[in-house]
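Asker: predicted coordinates and the sequence they were generated for:
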Amino acid sequence: MTTMTLLILLLAGHILADFYLQPSHWITQRTQRHFSAPCLYWHGAVHGVIAALVLLLVTDIPVIKAVAYALLLAGSHIVIDGVKSYARPTMFCFVLDQLAHLLVIGFIVLLVANPEPAFAIYWIKQEVSYKTLAIITGYLMVLRPVSIIIKQLLAPWSSAIEADKTDANSETSLQAAGKSIGYLERMLILTFILLNQFSAIGFLLAAKSVFRFGDLRLSEDKKLTEYVMLGTLTSFALTIAIGLLVSSVATQLPMGK
């Protein structure tokens, strides 16, 4: 019980700290100053605090062990991100970085080795199962993390689109609107998968194609049209993959039956 709960909570904590609680200027500073950037250590501290809270709330391991494991996670994060700051911001480096962090999380879960649950876990058992936690983590994944992955994947094409910009203010507004649309569509896709309504995903894709690609076709901007299509299909593919993974864990939902 606690192993799965602990793993999902640590993963959720990683997602929160890495993608939601890390301001963009921290990333910029780390890229420029590497290990001398104070924000690198603040970022590691955020991960450590979240990990310590999770370990103390859902396990009965001694406080000293919980702190030690949290320090291990925080220290490894500082080292991994510091090394990554010397590399180019490519998709390959991003994947290696995330895999390294996940390996550390997995190692810590193995170190804890099926402890007896702490007092707080009884509340989690009664009110929030690990399956519910998996669903919440899935929604966290399809928002900012997937947006960053899509941005990394489309970087070669986005540079070409950037070169063709003529109105910076207009483009900034369109980007913000596009990000919000992406968030909403991925939340809808994940919800449809969890409810076993795959036909609704097709309807959503068709509706977006009618409203979005029609205007792009009329603009006769083939490059932009292909870029938007690629981004949409990538967004759908990643969200469907995450949805299938989440639904395989949350077997109490229609998809798992």
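Answerer: Nice, thanks for sending it over.

Asker: gap between the closest residue to Leu143 other than its chain neighbours and Arg33?
Answerer: Leaving out its chain neighbours, the residue that sits closest to Leu143 by CB to CB, 6 or more residues apart in numbering is Tyr183, at 5.4 Å. The C-beta positions use only the backbone N, C-alpha and C, and glycine is treated the same way. Tyr183 sits 31 Å away from Arg33 when distances are taken as CB to CB, to the nearest Å.

Asker: do Ile189 as well
Answerer: Between Ile189 and Arg33 the computed distance is 39 Å (CB to CB).

Asker: those two: who's more crowded?
Answerer: A count of neighbours by other CB atoms under 10 Å puts Ile189 above the other of Ile189 and Arg33, at 23 against 13.

Asker: pLDDT on the helix or strand encompassing the more buried one, on average?
Answerer: The secondary structure element spanning Ile189 is helix 168-194 (assigned by DSSP states H and E). Averaged across helix 168-194, the pLDDT comes to 75.

Asker: again with stretch 200-210
Answerer: Across stretch 200-210, the per-residue pLDDT values average to 81.

Asker: wait, isn't Thr232 in contact with Lys208?
Answerer: Yes - Thr232 is within contact range of Lys208, at 6.5 Å (criterion: CB atoms under 8 Å).

Asker: so which of these two has more stuff around it?
Answerer: Thr232 (19 against 16).

Asker: which residues in this protein form helices?
Answerer: Defined through DSSP state H, the helices belonging to the chain, from first to last, are 2-15, 24-33, 38-58, 63-84, 91-112, 119-127, 130-142, 144-153, 155-163, 168-194, 198-208, 214-218, 222-249.

Asker: show me the shaky parts of the protein.
Answerer: Counting by pLDDT under 70, the chain shows low-confidence ranges at 1-2, 114-128, 158-177, 211-225, 251-257.

Asker: quick check: domain ranges of it?
Answerer: 2-128, 144-251 (automatic domain parsing).

Asker: nearest to Thr137, out of those domains?
Answerer: domain 2-128 (4.5 Å; CB to CB).

Asker: ok now the closest one, how far from the chain's centre?
Answerer: 13 Å (CA atoms, centre = their mean, to the nearest Å).

Asker: what's around Ser248, how many residues?
Answerer: Going by other CB under 10 Å, the residues that sit close to Ser248 add up to 11.
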